[in-house]
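Q: What would the 3D arrangement of this be:
(chains A and B)
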Amino acid sequence: MPKLKKKSKRTAPAPAPAAAPAAATPVRLARVAKGKKPQYFSDPAIDKLLSMTLTLMEELSVTRDRLDTVERLLASKKLLRRAEIEGWKPDPKAEAERLAARGRYVDRMMRAMHVELEEIAGRGMPKSEEEVVAAVES
Amino acid sequence: MPAFKAHAMQPSTLLDEQARQDFVGALRAHLSGRLMPGAYKVYETRVEPAFRARHGRAPVDQDEIRKFMTQDSFYQFWSAMQRRSQELLWESVIDPTERELPELLARSKTLQKSLEGAGKRAKDNRRGTLRLDPTLEIPRYHRAADIHLQPGGYHTEFTADDVSAGVVYDKGINLYMGGALGPENNLMGDTLLAYIREKHPARKPKRILDIGCAIGNSTVVWARAFPQARVHGIDVGAPVLRYAHARAEALGVTIDFSQQNAESTDFADGSFDLIVSHIVLHETSKSALPRILGECRRLLAPGGLMLHLEIPRGRTVIEKFMHNWESYNNNETFARYMTGIDLKAEAMKGGFPADDVLMDEFIPKLDVAQMNYTEHFFWKILAAHR
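A: So this is what the prediction gives:
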């Protein structure tokens, strides 16, 4: 079997017949470069935040491109004219659903602010790490 | 701007993958073209005056500027975004590469296999070759940090017979320059070729060596320009060389690639009548640089010519500082020292007599879209003959 012979060149010991084929595991490439990353702002949190903002900016651009693709395809297939999309007005039911969905979206985006508020006032938050540790030490 | 030319060794892109690459292009065009000039403005209007107010004089070097500029909010934001855009650039290319890697590896092997039957071909129509050396020590200046933030650099192998570093590099450098490198990333090769045609029109090299060739994008330019020449490309990274070989075969260009350190190769004395490199020297090290130039001298036949294309490092102190953004933020660690290095003196350390070395500047009649830290773009060329 010439095929097996070729393979055994690379995998040193005789492969166990029951073993799953190694090729099934996809190769993962690195996403982080080796080297010292500079800090740009006095607080490293700002660096992270700006990095995340640009990723968000990218994903929004990707989404707009995708939506544009769908709209153009619909128009080319004469299923929908782009003017129809621009001129569309939601009916009251759709308006209410969109209002609620928009509200939930803003809530999610503002989570960091709400976490801070909860730490100040809500749900009897512990005042310190020691308090939490004490709770498990007895 | 001519579009990047797809070939057999590049992955396809899904809709969102393409959109990410397109976004990176738009973001970088804005950061380089619209915001980068603002860094000069900020320097003139508030950073330099602030320095003068403190010290009673203008800054004398880029390090003095750095202390003040890195405290400026506009510069901080531009710089942080420029850095992130570079990370996003690689990510946008790595995603499709990783997804299609099994097919790319298979295609690379097919292109090599067709090479195995090349013996039957006529001698003047031979295929290129690939010679790897798994025992070659990867230089420290490659291992310490990934150049240009490309994760894994040019040498890391993520799987057997890996080509991924080359796949990523090819598309990545095209995005980096906003497509200005041309459809086959041929700008640097074209530039040096235009130089030799202008300054040495009579030369018809028969044996050409491209050092630090990576994916062979410039090597291909030389092989096409001098079809009668035997063209070699060397690099330390195996995955980029496997890719270079497969890419050249896919493009139908005959090149002999080998994995070698340019500081010490296995070619015989006087093997070449033309040795070239394309923005490679500033990616090496203080000790490697004169050794590479010395090795070039050994490899040149009598009358042979060596040409190293380098990027400008700025004329004024603020230009020098801006050019070195890449050094401090994009893992071009050695580039900061290149600002103060006299390349002619380095060539002399490598054994070239002063009269045989020329430090030249060349403004090619080519369209460079990216401003690349300066308004007046010119290439530096270290030229020497044996």
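Q: separation between the residue lying closest to B:Lys204 once chain neighbours are set aside and B:Lys206?
A: The shortest distance from B:Lys204 to any residue other than its chain neighbours is 6.8 Å, reached at B:Phe226 (CB to CB, 6 or more residues apart in numbering or on different chains). Any C-beta I mention is one placed from the backbone N, CA and C, and that applies to glycine too. According to CB to CB, to the nearest Å, B:Phe226 and B:Lys206 sit 8 Å apart.
Q: okay, those two: which has more neighbours?
A: A side-by-side neighbour count of B:Phe226 and B:Lys206, using other CB atoms under 10 Å in any protein chain shown, places B:Phe226 first with 19 against 12.
Q: Doesn't A:Glu59 belong to a strand?
A: No. Assigned with DSSP: H, G, I helix; E, B strand; the rest coil, A:Glu59 falls outside any strand and is helix.
Q: sorry, back to before: check contacts around the residue nearest to B:Lys204.
A: With contacts taken as CB atoms under 8 Å, 6 or more residues apart in numbering or on different chains, B:Phe226 has the following neighbours: B:204-206, B:208.
Q: who wins for neighbours among those?
A: With neighbours taken as other CB under 10 Å, the top of the contacts of B:Phe226 is B:Pro205, carrying 23 neighbours.
Q: residue ranges for the helices of chain A, please.
A: Using DSSP state H, the helices of chain A run over A:2-10, A:44-76, A:82-87, A:92-109, A:111-120, A:129-137.
Q: so which of the ones you listed is the most packed in?
A: Comparing those on average neighbours per residue, with mean count of other CB atoms under 10 Å in any protein chain shown, the densest one is helix A:44-76 at a mean of 14.
Q: Where does chain B get nearest to chain A, which residue?
A: Using CB to the nearest CB, the point where chain B gets nearest to chain A is B:Ala145, with a distance of 3.2 Å.
Q: Okay, and that residue sits in which element?
A: Under the criterion DSSP states H and E, no helix or strand holds B:Ala145.
Q: Look up the closest residue to it, ignoring the ones flanking it.
A: For B:Ala145, ignoring the flanking residues on the chain, the nearest one in space by CB to CB, 6+ apart is A:Gly35 at 3.2 Å.
Q: Thought B:Asn331 was touching the one you found, still the case?
A: Yes. If you go by CB atoms under 8 Å, A:Gly35 and B:Asn331 touch, sitting 4.6 Å apart.
Q: intersection of neighbour lists for those two?
A: Common neighbours of A:Gly35 and B:Asn331 are listed as B:145-146, B:149 (criterion: CB under 8 Å, 6+ apart).
Q: In PDB, list the C-alpha atoms belonging to stretch B:319-339.
A: Taking Å, rounded to 0.1, in the frame of the first residue of the first chain, the C-alpha atoms of stretch B:319-339 are listed here in PDB:
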ATOM      1  CA  GLU B 319      10.600  63.100   9.900                       C
ATOM      2  CA  LYS B 320      13.100  60.800  11.500                       C
ATOM      3  CA  PHE B 321      10.800  60.400  14.500                       C
ATOM      4  CA  MET B 322       7.700  59.700  12.300                       C
ATOM      5  CA  HIS B 323       9.600  57.200  10.100                       C
ATOM      6  CA  ASN B 324      10.500  55.300  13.300                       C
ATOM      7  CA  TRP B 325       6.900  54.800  14.200                       C
ATOM      8  CA  GLU B 326       7.300  51.400  12.500                       C
ATOM      9  CA  SER B 327      10.300  50.600  14.700                       C
ATOM     10  CA  TYR B 328       8.600  51.300  18.000                       C
ATOM     11  CA  ASN B 329       5.100  50.200  17.100                       C
ATOM     12  CA  ASN B 330       5.300  47.600  14.300                       C
ATOM     13  CA  ASN B 331       8.200  45.400  15.300                       C
ATOM     14  CA  GLU B 332      10.800  46.800  13.000                       C
ATOM     15  CA  THR B 333      13.200  46.900  15.900                       C
ATOM     16  CA  PHE B 334      16.400  47.400  14.000                       C
ATOM     17  CA  ALA B 335      15.000  50.200  11.900                       C
ATOM     18  CA  ARG B 336      15.600  52.800  14.700                       C
ATOM     19  CA  TYR B 337      19.300  52.100  14.500                       C
ATOM     20  CA  MET B 338      19.200  52.400  10.700                       C
ATOM     21  CA  THR B 339      18.400  56.100  11.100                       C
END
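Q: follow-up on the earlier one: which stretch among the helices of chain A comes nearest chain B?
A: Evaluated over the helices of chain A, closeness to chain B peaks at helix A:44-76, with 4.0 Å, by CB to the nearest CB.
Q: So that closest one, near chain B or not?
A: Yes. Contact of helix A:44-76 with chain B is found when judged by CB under 8 Å from any CB of the partner chain, involving A:47, A:50-51, A:54-55, A:57-58, A:61-62, A:65-66, A:69.
Q: tell me which of those residues is nearest to B:Trp222?
A: Using CB to CB, A:Glu58 is the member of the residues of helix A:44-76 next to chain B that lies nearest B:Trp222, at 37.1 Å.
Q: Correct me if wrong: that closest one contacts B:Gly25.
A: No. Under the criterion of CB under 8 Å, A:Glu58 makes no contact with B:Gly25, lying 11.3 Å away.
Q: Please name the residues that touch the residue sitting nearest the centre point of chain B.
A: Among the residues of chain B, the one closest to the centroid is B:Ile279, at 4.6 Å (CA atoms, centre = their mean). For B:Ile279, the contact set (CB under 8 Å, 6+ apart) comprises B:188, B:309-311.
Q: May I ask which of the residues you listed has the most neighbours?
A: B:Met188 leads the contacts of B:Ile279 on contacts (other CB under 10 Å) with 24 neighbours.
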